[in-house]
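>>> quick one, structure for this:
(2 chains)
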Amino acid sequence: MTAGRPSDLGNERRRRLPGRGRLLAAGLLIFAVWNSAGAEPPSVTALVKRLDLVGYRSGMNPPHFSGPTLDVRPLSLTELRGKVIVVSFWASWCAECRPEMPVLERLHREFASRGLAMIGINARENKQAVARYAAELGLTFPLVLDPGGKINQRYGVIAIPTTFVIGRDGRAVAFGVGPRDWGSPPARALIEILLAEPLPRAS
Amino acid sequence: MSANITFSQQTFAESLKLPFPLLSDFPERKVMRSYGVLNEKTMTANRSFFLIDPQGIVRRRWLIENPTTTVVYSEPLLRDIREVMGKR
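So this is what the prediction gives:
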């Protein structure tokens, strides 16, 4: 992975600093940017790269999906329009999913009130197995059951965890195959930036 | 090439780190039909390989009848590719 580049921050700031302070200042600025406290926030593209995600070209929309959640509530992608959506494909037998799920739960609790929709999609496992797993890890975000694996197929998911990020305007922003540190500063910064985007106009 | 949408193909390609492009024949499935490999029931392609030479002539084709149980080994394919390339 590549580290953030201080050159993104502009040369003006660096010219005013004495030579010995440059390195420290650059480090502090990177830290500040990653915490969204800097004057110049990092771009979505830079954060997608930092998280080793694959960014989508503009105009790419994620396929529609709908299905019952663990609490027997129908959930569809359409009803989530206007929210920043994180869709995580997972399974109870997936060892790499296990440490990720509590992190996703924390993000759900922290950002749901501001417009984040965290969604887990489970393929081909029975409801009891999913319920047991959710109770064990204390998961409260919606877990969609996909017994036939149709949603996985529509999204091209053949490895889990695979996670998709969708913007408020419904566009596909990025996806990652394999685990990521979704609680890390760049991941949180990405969510913050997407949450700050304007809501789409009602059609 | 498959009848999957490009969104799905992109995830698939990234999952396997494929070094070559995937093409989507969705929704028309024209290419699959013209190559005679479209399964009209499932509207997906039967697993198949076509070897086309630089002049655009199909030199070999492999039609896999039972893709879930048949293992496709690369060596026979490579042997035929070398043979066709050598004939140029």
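>>> could you find the closest non-adjacent residue to residue 80?
By default, I'm working from chain A. A:A117 (4.7 Å; C-beta to C-beta, 6 or more residues apart in numbering or on different chains). (C-beta placed from N, C-alpha, C; glycine too.)
>>> correction: the question concerned chain B.
Spatial nearest neighbour of B:D80, excluding adjacent residues (C-beta to C-beta, 6+ apart): B:R60 at 5.0 Å.
>>> with A:A129 instead?
A:S92 is the one closest to A:A129 (C-beta to C-beta, 6+ apart), at 5.3 Å.
>>> could you do A:R73 as well?
In this structure, A:R73 finds its nearest non-sequential neighbour in A:P142, 7.5 Å apart by C-beta to C-beta, 6+ apart.
>>> need the residues of chain A near chain B, please.
With C-beta under 8 Å from any C-beta of the partner chain as the criterion, chain A meets chain B at residues A:54, A:56, A:60-63, A:153-159, A:162, A:172, A:175, A:177.
>>> now intersect those residues with the strands, please.
Of the positions in these, A:54, A:162, A:172, A:175, A:177 sit in strands, assigned by DSSP state E.
>>> compare the residues you listed and tell me which is most surrounded.
For those, the largest number of neighbours (other C-beta atoms under 10 Å in any protein chain shown) sits with A:F175, at 26 neighbours.
>>> which ones are touching it?
A:53-54, A:56, A:162-165, B:10-11, B:14 (C-beta atoms under 8 Å, 6 or more residues apart in numbering or on different chains).
>>> same thing but 7 Å
With contact set as C-beta atoms under 7 Å, 6 or more residues apart in numbering or on different chains, A:F175 has these partners: A:53-54, A:162-165, B:11.
>>> now do it against B:L18, distance only.
Summarising the geometry, the distance separating A:F175 from B:L18, computed by C-beta to C-beta, to the nearest Å, is 15 Å.
>>> then A:N61?
For A:N61, the distance to B:L18 - C-beta to C-beta - is 23 Å.
>>> just B:T69 next, same as before
In this view, B:T69 and B:L18 are 23 Å apart by C-beta to C-beta.
>>> assign a three-state SS to A:G183, would you?
Under DSSP: H, G, I helix; E, B strand; the rest coil, the three-state class of A:G183 is coil.
>>> tell me who's in contact with it.
Applying C-beta under 7 Å, 6+ apart, we find A:G183 in contact with A:103, A:106-107.
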